[in-house]
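Chemist: pasting the structure only:
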């Protein structure tokens, strides 16, 4: 029969005839044949299957073999034995190579035919060895796929025990060697199908024998982390990721990132290759594993790897967005890489040129999936442009392209950025590792205490949180200038953009420290603030004179000398600017005008003088005065909240001109031996005078209001403002020299604010001189801090008909004594009521301690955005007028109290921060109000209020057009480069520290205190012992840190 069949298939008969005869041969398989005939038939059909010249011959061989093996099973079992199968696998078949897929197909089919025979067990044992050998020979994808089919159908052929681990590892290596050189879709689809079969085989083995999973994954990592330049592992390894249980992510990532044997170069290669896996079309969860590894590396602070990989692969990831199959995973990885790369715009700017084309392409196809994708991409782009504002030339085309898609709110952007930063990744590897020292959850940067510099840190943070002032400083073009303003701009830029938890302001401290301040010793923050603002003001005026001098030279005018420049600057100092264009930035932001009017009680002649101020000092009034002032007529004593206004000057031995009001600067808060005098010009001169106001101790004695139990109430800043503005009788040693009378006379002095500042700085005069013990003591009385302040401003003067001016030799050094002698106003009332200008509390600098020679400074502050500053009062003007007219009956219940309550209801007052040197935490306005009641020696000292409803025309920014994306102006390249360089240095420092900690992790103690809210302990804290300024009841004096 075998001869007939052989002749038939090789004959030239028509194919239909051949099929009929073949059918007869198959039917004859039921007939009895001897063993030799069966073997001859098996030989022939095997040769047809393996060496058939055409599909017909191979088909005939399969049909006849299956028929004869079914009816003659013992004979086939004898033919298909171990020796025969081993020969096929090791030597091939005649001219057929042993690695030909036809041999595996033949063996696969043969196993089906003898499945019920006992000898199949011997074949299984043989194949367990042979398949391992085959895999070690790195078969091609097609052969490996056929082998996977065989092992999937006959799991008995899979190696067992330890050999199963080896088999899986070798199979992983084999996949790593897969390559597909074709670019045709058909071949690519077939290649993907082959790889899928192999990965499915591994999945089945992992499920059946879980002990093989971890060694397999270790082999995957070994392949992708190889630094051998001659070997590039196949992206087909991505097909395995979808089969790894997601529950193992934490364990595996921790193992990888903490293994000391894994070098950085290997980890970098592995991460890069995992990112390449995003291009594998059918793999699932690749993005999940990539992001998990990125977070794991951030948790152990291996920032060098993250920086290198991000810059190397960010464009590749972005390009994957063009392909629908891999787009979701690519977007997830792109989002994480960009949002976490917050120290530099470099990564984002690599993809910026490609964004517009991608957006336009997806907008044009109109598919719902494309629209949903663009919404997610737009949110990502807005977050990045917010974080790296200052590149309008790059961002304008993008803003135009995505203008039709929703823009996330600023709060959402901040939340996304805060959660995505590398330094926000929690380290769950070992509890003994210290907390990552990146920015706190507030997103704000602290200032490192350089040794008794908390007085500077608290003031700088308050100024930085003054949003309009900060934006003005950052927008200045100061290239080529080494001024103090340039250094302040540098400091503000770092506070806004550094990745550090706290920044060390060494350069600014050395440049801004008053010359009479002893380094590393206690100082007064109010004095420092006055000096700083005055220096900035004077510096800008000199620069303006110099620039105008250079302009005149370029126009051909004669050269002027330095003395002429100095004289011009002096003239500018003595003559306050009235035009906004002529004002300095300090005048625009903090400058106001105060008019003092003195009326001789003998001849009724009057004199007046208008002076500039940048901050106002409030003295404490006797308790009886508080009650009296609560019932003043609103016409002469308007109901204003929070505005004790006493102008301060530049203290110390220097005689630099100042922009502050000399008349109100007599009370010295900073030095017991420095008293401020007023001369004929608008300058401050500090003379050494050991004399002290006679009634300074009286003020201290009389301030018993907060300590008294019962019905008495805590005085507010409003009360201090009333006391400051109340008419004062100049009598006794303080009589007024009347030129009309040509003698000293009793007189009445009143002060009115004629021009309000954008930011109102108030200093509470808490330090008084004790003549008995010759020390400066602190007034510890609690003062209520209203959220809303109404400042009385009288822009039209009622004394315009009088032309008399002050006598130039009036001495105001005893103002503090006169403050204690304030009386009720005279019966003469002003013709018009001052306008009430509303202010919102922006920041509070707190002094913690019992005297000016010891203690600690920290500050509370909040961002008052444009929305808040333009917050519309919910009451109509007539309602305000009615409330104002009733204020003499209601005491403190002025219209602003209602507005304040409304603001609190709207939660505008709850976004507060506590700046305590390096530490920044969230807090609330309630904590600000209760600080002194909770910690008796922590008292508000300097207050900053922001004018409400003000439309600041100074900024000139383009925030509405999107150029100032986060509200702050773009940084100049010099600043941005410096910040980027420092951020990279910081990440390197963190990485080195993390490596050092990892070496000591095994023996390190495991206790640390979380960085929580401020309500647990006194915020006043200096140095390792804590307890700022005797916060609590420790009376041991400490230096200010």
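Modeler: Perfect, thanks for sending it. Here the structure is a predicted model, which means the values were calculated and not measured.
Chemist: average pLDDT across the longest helix along the chain?
Modeler: Counting residues, the longest helix found in the chain (DSSP state H) is helix 525-554. The predicted model gives helix 525-554 an average pLDDT of 83.
Chemist: Please point out which parts of that helix sit buried.
Modeler: 525-543, 545, 549 (16 or more other Cβ atoms under 10 Å). Placement of C-beta: from N, CA and C, glycine included.
Chemist: Stretch 246-257 too?
Modeler: In terms of neighbour count (16+ other Cβ under 10 Å), stretch 246-257 has its buried residues at 249, 252-257.
Chemist: again with stretch 743-761
Modeler: Buried-residue list, stretch 743-761, by 16+ other Cβ under 10 Å: 744-745, 747-761.
Chemist: Repeat that for stretch 109-119.
Modeler: For stretch 109-119, by 16+ other Cβ under 10 Å, it's 109-111, 113-114, 117.
Chemist: What is the nearest of those to residue 837?
Modeler: Nearest to residue 837, judged by Cβ to Cβ, of the buried residues of stretch 109-119 is residue 111 at 94.7 Å.
Chemist: what's the nearest residue to that closest one if we skip its chain neighbours?
Modeler: residue 154 (5.7 Å; Cβ to Cβ, 6 or more residues apart in numbering).
Chemist: any idea how far residue 144 is from that neighbour?
Modeler: Residue 154 is 16 Å from residue 144, where distance means Cβ to Cβ, to the nearest Å.
Chemist: next one: residue 465
Modeler: From residue 465 to residue 144 the distance is 64 Å (Cβ to Cβ).
Chemist: Show me where the stretch 401-550 of the chain has its helices.
Modeler: Applying DSSP state H, counting those that start in this stretch to the stretch 401-550 of the chain gives helices spanning 410-420, 454-464, 467-475, 484-497, 506-512, 525-554.
Chemist: could you check the angle helix 525-554 makes with the third one?
Modeler: Read it as helix 467-475. 40 degrees (axes from the mean of the first three to the mean of the last three Cα atoms, to 10 degrees).
Chemist: follow-up on the earlier one: the residue nearest to residue 111 touches residue 124, doesn't it?
Modeler: Yes - shown here, residue 154 and residue 124 form a contact pair, counting by Cβ atoms under 8 Å, at 7.2 Å.
Chemist: between these two, which one's more packed in?
Modeler: Remark: of residue 154 and residue 124, residue 154 carries more neighbours, 18 against 15, as counted by other Cβ atoms under 10 Å.
Chemist: List the contacts of that one.
Modeler: 108, 111, 124, 127 (Cβ atoms under 8 Å, 6 or more residues apart in numbering).
Chemist: Report pLDDT for it.
Modeler: Residue 154 is assigned 94 on the pLDDT scale.
Chemist: ok, now residue 36?
Modeler: 86.
Chemist: residue ranges of the helices in the stretch 151-300 of the chain, please?
Modeler: Under DSSP H, counting those that start in this stretch, the stretch 151-300 of the chain gives helices at 162-176, 185-208, 213-224, 249-258, 264-276, 286-299.
Chemist: What's the mean pLDDT across the last one?
Modeler: Just to be clear, that refers to helix 286-299. 90.
Chemist: Kindly report the same for stretch 201-216.
Modeler: 93.
Chemist: you'd agree residue 794 is up against residue 834?
Modeler: Yes - shown here, residue 794 and residue 834 form a contact pair, counting by Cβ under 8 Å, at 4.1 Å.
Chemist: okay, and the common contacts of those two?
Modeler: Shared contacts of residue 794 and residue 834, counting by Cβ under 8 Å, 6+ apart, come down to 752-753.
Chemist: May I see the contacts of residue 154 arranged in TSV, with pLDDT as well?
Modeler: Listed next are the contacts of residue 154 as TSV, based on pLDDT from 0 to 100:
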residue	pLDDT
108	93
111	92
124	92
127	93
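Chemist: would residue 943 count as being in a strand?
Modeler: Yes - according to DSSP: H, G, I helix; E, B strand; the rest coil, the state of residue 943 is that of a strand.
Chemist: If we ignore the residues flanking it in sequence, what's nearest it?
Modeler: Of all residues not flanking residue 943 in the chain, residue 762 sits nearest, at 4.3 Å (Cβ to Cβ, 6+ apart).
Chemist: The one you found: how many residues sit nearby?
Modeler: Neighbour count of residue 762, defined by other Cβ under 10 Å: 28.
Chemist: ok, back up a step: just give me how far the longest helix of the chain sits from the chain centre.
Modeler: 34 Å (Cα atoms, centre = their mean, to the nearest Å).
Chemist: what does stretch 13-32 give?
Modeler: From the chain centre to the centre of stretch 13-32 is a distance of 81 Å (Cα atoms, centre = their mean).
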